[in-house]
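> coords please:
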Amino acid sequence: MLLYNVTLILEESAADEWLQWMEETHIPAVMATGMFVSNRLLKVLDSPNEGVTYCTQYVAENQENYDQYQQVYAPALQEDLNEKFKNRFVAYRTLMEFVG
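Numbers count the residues shown, from 1 in each chain. Below is the predicted model:
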């Protein structure tokens, strides 16, 4: 099992709109790909950064599902994010493996 974590630091003025868009549009679209078995959305409470920080986490059963997501689905989904919230966020993406 793999955990795909996307951390976004948003301008405060964009945070509410982004959160609604994530819950209503983006996360359902990512899950509809069938490449992930679960997801969660978290707000970072002790971020040292200015703005508002969120982590969106998706669990993939295997490397093949993650790779297929990145190759087939991620470019268009990330472009939607970039167009809608252009210049109002910074994103960091990390892939982790469950060890325990």
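> Residue 22 touches residue 56, doesn't it?
Yes: contact criterion CB atoms under 8 Å: residue 22 and residue 56 qualify, at 6.7 Å. Yep, even glycine has a C-beta here, placed from its N, CA and C like the rest.
> if I look at the two, which residues touch both of them?
Residues touching both residue 22 and residue 56 (CB atoms under 8 Å, 6 or more residues apart in numbering) are residue 41.
> can you give me the helices for the protein?
Assigned by DSSP state H, the chain shows helices spanning 12-21, 27-32, 63-68, 74-84.
> what's the closest of these to residue 94?
Residue 94 lies closest, by CB to CB, to one member of those: helix 63-68, at 11.8 Å.
> Going by contacts, tell me the helices and strands next to that closest one.
strand 2-10 (3 or more CB pairs under 8 Å, 6 or more residues apart in numbering; DSSP states H and E).
> For the strand it packs on, the averaged confidence score.
What strand 2-10 shows for mean pLDDT is 97.
> Return the list of strands paired to that strand, each annotated with direction.
Looking at strand 2-10 with DSSP bridges, its partner strands are strand 52-60 (antiparallel), strand 89-97 (antiparallel).
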